[in-house]
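Visitor: Sequence first, then the predicted structure:
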Amino acid sequence: MFRAIARVLPSPKTSEAKVLIVDDDPVMLVKLSALLTPWGIEVTILKEPQQFWEVLISTKPDLVVLDLEMPIVSGLELCQVVRQDIQWENLPILVVTAHTDPESLQQAFAAGADDFITKPVLGPELVTRVLSRIKRARPVFQPGNT
């Protein structure tokens, strides 16, 4: 899988990009983190969505990956509150979901998501979407540049 990613994207080097991944599934957290870290992305993982604000403020990520379905606080709810906060309203948000029906996708975009990726997650798709969103948010960002 990493060979396929390497053919599509430039070679990984250290970057200053930071991503916060919020998912209640520890296996998914490890998988998503493993897909992004070889590209020089500093990944923070969070299993408990109720600690979202504390971790968001302390890590100041360039992008957030949210699982839509989590107990206690859903990814949709987190997305909505981020969009209502003037400090974070422009933070790129990528949602991860097993639901591909039009209603679920419409709800994600209505909540303020910038993009979505479906489960099971394909490595090259995740890396491409994350790097693309960070680059749009930070035009000076180039994967592999510090």
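Guide: Looks like it came in fine.
Visitor: you'd agree Leu20 is in a strand?
Guide: Yes: with DSSP: H, G, I helix; E, B strand; the rest coil as the criterion, Leu20 is located in a strand.
Visitor: Next, the contact list for it, please.
Guide: 43-46, 55-56, 59, 61, 63-65 (CB atoms under 8 Å, 6 or more residues apart in numbering). Any C-beta I mention is one placed from the backbone N, CA and C, and that applies to glycine too.
Visitor: Inside strands: which ones of those?
Guide: 43-46, 63-65 (DSSP state E).
Visitor: could you redo those residues as TSV and give each row distance to Ile72?
Guide: What follows is these, written out as TSV (distance: CB to CB, whole Å):
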residue	distance to Ile72
Val43	22
Thr44	19
Ile45	17
Leu46	13
Leu63	23
Val64	17
Val65	18
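Visitor: Show me where this protein has its strands.
Guide: So, for the chain - with DSSP E - the strands run 18-22, 42-46, 63-67, 93-97, 115-118.
Visitor: ranking the ones you listed by burial, who's on top?
Guide: Most buried of those, by mean neighbour count (mean count of other CB atoms under 10 Å): strand 63-67, with a mean of 27.
Visitor: Other residues contacting that strand?
Guide: Strand 63-67 is contacted from outside by 17-25, 28, 32, 56, 75, 78-79, 82, 91-97, 113, 130, 133-134, 137, using CB under 8 Å, 6+ apart.
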